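# Generate coordinates for the sequence data below:
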Amino acid sequence: MAILTIECVRGDIARQPDIDAVVNAANAQLLSGAGVAGAIHRAAGPELAQACRPLAPIHPGEAVISDAFGLPNRHVIHCLGPVYGVDEPSAQLLAACYRNALRLADRHGLVSVAFPAISTGVFGYPLAEAAEVALAAVWGCAAELTSLRRVRFVLFSEADREVFQRILDGGEKSPA
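All right, here's what the predicted structure looks like:
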């Protein structure tokens, strides 16, 4: 079992040079889009879209891995989070995104992975609920990981980072 460090930072998911893999909050076809997917695809370059074609489509809760191309990382792990209120059970599907991404990173011998707040943008998942699910999933999966040592949550705003940090610090408890 690896000792896992979890950290929350404000920043750009496409600019995490000290991390082995960044996680893309992907759409089912793994195409560029708005938000995280657009930022990652723009930074990685057109090779990422080409590499993703044979991996698509994916379903809510699933994760696949590709090279990172123009990003400063080794890999991109693509996760399709649930659309809140549409893809049910939302909490279980969201937790599966994090668990599947962590397991995939671990199987590839990666030491570090950076996540955005999956499903909280256009997919409408309330931030605090998503943070509770995400952190509970990471902690719940930690004991089975062998190579992974660091999980970073890269949040868009300082307010988002504070929500994740408060839950990480135990200020709010997950119902899971």
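
# Walking through this protein, point out its strands one by one.
For the chain, strands defined by DSSP state E occupy the ranges 5-10, 21-25, 63-67, 75-79, 112-115, 150-155.

# Pairing partners for the fourth one, with directions?
Meaning strand 75-79. With DSSP bridges as the test, strand 75-79 is paired with strand 21-25 (parallel), strand 63-67 (antiparallel).

# cool, and the shortest one?
The sheet places strand 112-115 alongside strand 21-25 (parallel), strand 150-155 (parallel), with pairing taken from DSSP bridges.

# and the strands of the chain as CSV, adding distance to residue 106?
No exception for glycine: its C-beta is placed from N, CA and C like everyone else's. Below are the strands of the chain laid out as CSV (distance: least, CB to CB, whole Å):
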stretch, distance to residue 106
strand 5-10, 15
strand 21-25, 11
strand 63-67, 11
strand 75-79, 11
strand 112-115, 9
strand 150-155, 11
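
# Run through who's touching stretch 42-58.
14-15, 26, 28-32, 40-41, 64, 66-71, 76, 78, 80 (CB atoms under 8 Å, 6 or more residues apart in numbering).

# Narrow these to those that are buried.
Among the contacts of stretch 42-58, those scoring as buried are 14, 26, 30, 32, 40-41, 64, 66, 68-69, 71, 76, 78, 80 (criterion: 16 or more other CB atoms under 10 Å).
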